[in-house]
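Trainee: A structural model of the following input is requested.
(chains A and B)
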Amino acid sequence: MPPLPAPALALHDVSKRYGRRWALARLTYALPAGRSLLLTGHNGSGKTTLLRLVATALSPTAGRVEVLGRDAMADRESVRRDVALLSHASFLYEDLTAHQNLTVLARLLGIPSPQDAASALLTRVGLTQRSDSPVRSFSAGMRKRLAIARLLLKAPAIALLDEPFGELDPQGIRDMERIIGELKSSGVTVVLATHLIEQGLTLCEERLHLQDGRAVAA
Amino acid sequence: MSTTPPRPRAIGLVAATLALLRKDLLIEWRTRARLNAIIFFALATLLMFSFALGPDTKLLEKNAGGYFWLAILFASVLALGESFRVESENACMDGVRLAPADARAIFLSKALGNTLLLTALGALLVPVMVALYGVRIVTSFMDLGLILLLGCLALSAPGTVYAAISSNARARDVLLPLLLFPLVIPALLSAAKATTLVLQGDPMNQFNSWLGLLGGFNLIYWGVGFVLFPRIIED
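Mentor: Residues are numbered from 1 along each chain as shown, chains lettered A, B, ... in the order given. Below is the predicted model of the structure:
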């Protein structure tokens, strides 16, 4: 029998504490590569904390996070290269244009033609008309589109999407579903945290329900 | 044209520093918020010293170097704080960290950006100081330029570290000067003394000693910032 591939994501007894409150408590879970996971739970249940731990934006209080077989804390820089996070915060510079925001990231990523890569992604998320407008003038939905373009620029192996449908209009939600479908079909492991459970279930094969930082049966 | 960008590759420290510095300068150019604020603040400070001391031109002349550097120091607090405010909006610092960018490149780009801004401010203040305080450059412009550059480097390295530390604090506007001012006293003293020698002549050849002290200060604090900064922004 061939050996089982390393999981895209493995949590070993992971806990995270903010002050006196445990946001995650002894969470153990493994997600096979190429599968997609729907994270559900009420506000404050630990979904965002979990995504930020996997993205290495936070370090766990206890336990170990493994991403593509590597320790997320010990091998932080190489893990960051493979993981992209769509967060509540957009990571966008308000005073730069949409195009400039993507070009800055493309340069940091060492992409050979940063301007072309930025233009292509703005077309893909439907922001070509506003590519030279400063982000400060963008609506919440447009910011979300630009934030997803930022994520796509990284061409990640694992995409972490925190409430990707929030602030989007119906067309925007359809576009987001299409993009998530494209990510999945290209072999990207997707972790999706959303309150829109019906939508999430159509996109994901696995489900993890969190309550007070613990995994419980949905 | 393909709509899928190529996989990212690691870029070197210098390339990352230049990319981030370019971004910071672009933001500064688009808004000019920081530059305008520090220019007016520093001009007002120079002016206030001349008003506070009244018509005693001898006193103004004697202390012009000190007032000049105090104006730059006070303005630097605004510049340093603002350089990290841009990063806290929309959690941009997280975006840069997770890109991933080398934390040392973030330090170098911020510190170099602040140095450029303060040096430009200093260059602008020199003619104002000459006009307001009735001083003249006795030795050479080159000496003054060198002191200006080294002095601004000396304010920027520890200033960038402390601006990063205080950027997440509730009382950041108070915390930054409280941390920075005591630390930069040796640099301020050296820069002010060396500037005074440029303005009043250097019969005892003391200029190089002050320059050496400023150089040593820079070496220590740029080194400390380079080594410590990754821990500061990650932990």
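
Trainee: so A:Arg17 is in which element?
Mentor: strand A:9-18 (DSSP states H and E).

Trainee: quick one: strands adjacent to that strand?
Mentor: In the sheet, strand A:9-18 lines up against strand A:21-31 (antiparallel), strand A:62-67 (antiparallel) (DSSP bridges).

Trainee: now render those strands as TSV, adding mean neighbour count.
Mentor: (C-beta placed from N, C-alpha, C; glycine too.) Output for the strands paired with strand A:9-18, formatted as TSV (neighbours: other C-beta atoms under 10 Å in any protein chain shown):
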stretch	mean neighbour count
strand A:21-31	18
strand A:62-67	20
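
Trainee: distance to B:Leu180 and mean pLDDT added to the ones you listed, as a markdown table?
Mentor: Converted to a markdown table, these look like this (distance: least, C-beta to C-beta, whole Å; pLDDT from 0 to 100):
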| stretch | distance to B:Leu180 | mean pLDDT |
| --- | --- | --- |
| strand A:21-31 | 34 | 95 |
| strand A:62-67 | 36 | 96 |
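
Trainee: in terms of pLDDT, where does A:Glu167 sit?
Mentor: A:Glu167 carries a pLDDT value of 85.

Trainee: wait, what's in contact with it?
Mentor: A:140-141, A:143-144 (C-beta atoms under 8 Å, 6 or more residues apart in numbering or on different chains).

Trainee: what about the strands in chain A?
Mentor: For chain A, the strands defined by DSSP state E occupy A:9-18, A:21-31, A:36-41, A:62-67, A:70-71, A:83-86, A:158-162, A:189-193, A:206-211, A:214-216.

Trainee: CSV for those, including distance to B:Leu118?
Mentor: Shown next, in CSV, are those (distance: least, C-beta to C-beta, whole Å):
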stretch, distance to B:Leu118
strand A:9-18, 37
strand A:21-31, 41
strand A:36-41, 46
strand A:62-67, 41
strand A:70-71, 41
strand A:83-86, 35
strand A:158-162, 39
strand A:189-193, 43
strand A:206-211, 48
strand A:214-216, 51
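
Trainee: among these, which is nearest B:Leu219?
Mentor: Proximity of the strands of chain A to B:Leu219 was assessed by C-beta to C-beta; the nearest stretch is strand A:70-71, lying at 35.4 Å.

Trainee: how far is the closest one from where the chain is centred?
Mentor: Counting by C-alpha atoms, centre = their mean, to the nearest Å, strand A:70-71 is centred 18 Å from the centre of its parent chain.

Trainee: report all helices and strands that it contacts.
Mentor: For strand A:70-71, there is no helix or strand it packs on, judged by 3 or more C-beta pairs under 8 Å, 6 or more residues apart in numbering or on different chains; DSSP states H and E.

Trainee: before we move on, back to that, among the contacts of A:Glu167, who's most crowded?
Mentor: Within these, neighbour counts (other C-beta atoms under 10 Å in any protein chain shown) peak at A:Lys144, which reaches 22 neighbours.
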